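1. the following comprises the amino acid sequence and a computationally predicted model.
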Amino acid sequence: MYKKIIKLAEKKFSELQKKYRKFFNVIVDDWRGFRFVYDTQDVRNCSNDCKNCDLYNLLKNEKDGFFSAGLYQASKKDQQLFGKKVFLNCKTLDQYKKCYSNFLIQETKSDQEIVDELNLIKNFKIIYSKLNTANEKDIKISILNKAINSSKGRKKRIIKDFLDNYAW
């Protein structure tokens with residue numbers, strides 16, 4: 001992941017953390033643009049009542065750009081594949097892992113699409129974990145192992161080779 005993005009993300013997260021104290025884990029991801037993925041108390045208790053959500057109200061006016069701390073609206077197709085949350089980047093760690101596994105298994109078709117998705121997994125970065133409970137390496141390996149166990153043929157081989165050859 002680009003050092004420039006991580007620095008920008010860390011600075012922005014520091015600002016957010018002063019206004020909102022319910023973060024469990026925060027990930028910087030380059031999926032549909034560099035952005036945060038939030039695992040918070042509000043996300044864990046989400047009922048999709050966004051107007052009454054402290055996290056939503058904190059972030060609702062964030063601007064899109066090269067890096068965004070804002071929330072990313074899920075389409076109907078996104079919700080079918082990634083879960084019913086209104087925003088794609090409101091995910092617990094388990095939901096986040098499942099999103100990557102689902103996309104890798106169900107949506108990638110060509111070798112290049114598979115490799116591109118594997119590189120997104122390789123490059124996400126956990127910038128905050130309350131009590132240091134999230135192990136980035138273990139999360140990445142877990143995503144890949146689930147995809148290997150649910151895939152067949154060429155896709156399974158590509159993912160397995162990636163897992164075996166990536167310098168963890």
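-> That came in fine, so what should we check first?
2. could you use CA atoms for every contact and neighbour count after this?
-> Noted.
3. can you list contacts of the helix or strand harbouring Ile143?
-> Assigned by DSSP states H and E, Ile143 belongs to helix 136-150. Helix 136-150 is contacted from outside by 97-98, 100-102, 104-105, 121-122, 125-126, 156-157, 159-160, 163, 168, using C-alpha atoms under 8 Å, 6 or more residues apart in numbering.
4. ok, and for it, which residues are buried?
-> 136, 139-141, 143-148 (16 or more other C-alpha atoms under 10 Å).
5. dump the residues you listed to a markdown table, plus pLDDT and distance to Lys91.
-> Supplementary listing: these in a markdown table, determined by pLDDT from 0 to 100; distance: C-alpha to C-alpha, whole Å:
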| residue | pLDDT | distance to Lys91 |
| --- | --- | --- |
| Glu136 | 93 | 15 |
| Ile139 | 95 | 14 |
| Lys140 | 95 | 15 |
| Ile141 | 94 | 18 |
| Ile143 | 95 | 15 |
| Leu144 | 96 | 18 |
| Asn145 | 95 | 20 |
| Lys146 | 95 | 18 |
| Ala147 | 95 | 19 |
| Ile148 | 96 | 22 |
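6. who's Val28 bridged to?
-> Applying DSSP bridges to Val28 gives these bridge partners: Phe36, Lys125.
7. what about it, neighbour count?
-> Neighbours of Val28 under the rule other C-alpha atoms under 10 Å: 24.
8. how about Gln73?
-> Number of residues near Gln73 (other C-alpha under 10 Å) recorded here: 14.
9. nearest residue to it in space, please, no chain neighbours.
-> In space, and not counting its chain neighbours, Gln73 is closest to Phe87: 4.5 Å by C-alpha to C-alpha, 6 or more residues apart in numbering.
10. that neighbour: what's it in contact with?
-> Contacts of Phe87 (C-alpha under 8 Å, 6+ apart): 71-74.
11. quick one, phi/psi of it?
-> phi -120, psi 140 (degrees, to the nearest 10).
12. how near is it to Ile6?
-> 22 Å (C-alpha to C-alpha, to the nearest Å).
13. take the contacts of Phe87 and, keeping just the buried ones, write it as a ChimeraX select command.
-> Filtering these down to the buried ones (16+ other C-alpha under 10 Å) takes a single ChimeraX command:
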select :71,72,74
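14. which one of the contacts of Phe87 is nearest Trp31?
-> Closest approach between the contacts of Phe87 and Trp31, by C-alpha to C-alpha: Tyr72, at 10.5 Å.
15. quick check: the closest one vs Arg35, distance?
-> According to C-alpha to C-alpha, Tyr72 and Arg35 sit 9 Å apart.
16. equivalent analysis for Thr92, please.
-> For Thr92 relative to Arg35 (C-alpha to C-alpha), the value is 15 Å.
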